[in-house]
Every structure is written in C-alpha cells, then in structure tokens.
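kindly return the folded structure for what I paste below:
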Amino acid sequence: MSRKAPVSEAPSEIDITEVMARIPHRYPFLLVDRCEEYVENQSIVGVKCVSVNEPFFQGHFPHYPVMPGVLIVEAMAQTSAVLMSKSLNVDVADKAIFFMSLDNCRFRAPVRPGAVMRLAVEVTRARGDIFKFKGRALVDDKVAAEAEWAAMVVDTK
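Numbers count the residues shown, from 1 in each chain. Model prediction:
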C-alpha cells in the first residue's frame, strides 16, 4: 500500500506532494496547499486554505486576526517558484529559487481565517533562469493583494 498522495490525472493540477517536491518550504512556512491551471512558462494558480490554526494569527491582531501582508506576498512567490521549478525542471537537490525584487505591491483587503486564497500568477518575462511575474491574491474573486516580482534559480551546492 502506497503512502503517497494520489497524483491528479489533469496535467494542469499540482497536488501538495508535488508542491513539496518542487519547493523546499515546510511548516510553518509552506504557504501553498495545491496549484491549478498550470501552463508551462506562462501561468499558474496557487491555492492556500487559510486556517485559524496558522501560527501567525496568535500575535497578528489576535482579536481580529488577519494574515500578514508579507505572507500573502510570500504565498504568491512560492506559487511562482512552483511554476519555475516545474517549467525548468529544476533539480531541487542542488538548486533553489530566490526572490530578486518586488514592485508595485498593493494590499486591497484583509485575508481572514477561513478564507480560500487563490494566487493567480503570470509570467511577464523569462530569460534563462530569471523570471518576472505579476500576480494577485484573491478571496471570493476580490483582490486582497497584487504585486510584480522577479525570481531566479540559484545553485546551492
């Protein structure tokens, strides 16, 4: 009997097992639960189910918990790292994907416990191991945050 999570039949779907194989983040800093609508070198949608049990809610406005904006941006960045890792077939044993820049970041609405955040990410430019992105974090089809950023593949050995 296998203990692996079932792999989706749809090539555009990426389950948590593959997300964890593609990026090094782990609890409490893994901020993507799954990805959908993957289009190689073009776009992806990450999904984060925001739980009241997240450790940051204990200290971030505990009487009116909201997800910290920097973690919303990090969730978008992790989603883009999954897109890069899969598109470039990055060997995560000796490479990592690092943030390079962040521009035009705007926070439009708070993200609260119980939200399902959809992280819509598009590639705006790709040149070798460097990608530029634009993305939006959406809750109930309303923009919670948006930004543009760049990332690159880095040798870690």
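
could you dump whichever strand or helix holds Thr17 to PDB, C-alpha only?
Take DSSP states H and E as the rule and Thr17 turns out to sit in helix 16-22. In PDB, the C-alpha atoms belonging to helix 16-22 read as follows (Å, rounded to 0.1, in the frame of the first residue of the first chain):
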ATOM      1  CA  ILE A  16       0.600  19.100  -2.200                       C
ATOM      2  CA  THR A  17       3.000  16.100  -2.700                       C
ATOM      3  CA  GLU A  18       4.400  17.700  -5.900                       C
ATOM      4  CA  VAL A  19       4.400  21.200  -4.400                       C
ATOM      5  CA  MET A  20       6.600  19.900  -1.600                       C
ATOM      6  CA  ALA A  21       8.900  18.100  -4.100                       C
ATOM      7  CA  ARG A  22       9.300  21.300  -6.100                       C
END
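
any idea of the mean pLDDT for it?
Helix 16-22 shows a mean pLDDT of 97.

so which elements touch that helix?
Secondary-structure packing of helix 16-22 (3 or more C-beta pairs under 8 Å, 6 or more residues apart in numbering; DSSP states H and E): strand 34-39, helix 69-88. (C-beta placed from N, C-alpha, C; glycine too.)

gap between the last one and the chain center?
Taking the mean C-alpha point of helix 69-88 and that of its whole chain, the gap between them comes to 3 Å (C-alpha atoms, centre = their mean, to the nearest Å).

partner strands of the helix or strand following it, with direction?
As assigned by DSSP H and E, the chain's next helix or strand after helix 69-88 is strand 95-107. Sheet pairing for strand 95-107, assigned by DSSP bridges, gives strand 142-155 (antiparallel).

and the strand it pairs with, what's buried?
Ala144, Ala145, Glu146, Ala147, Trp149, Ala150, Ala151, Met152, Val153 (16 or more other C-beta atoms under 10 Å).
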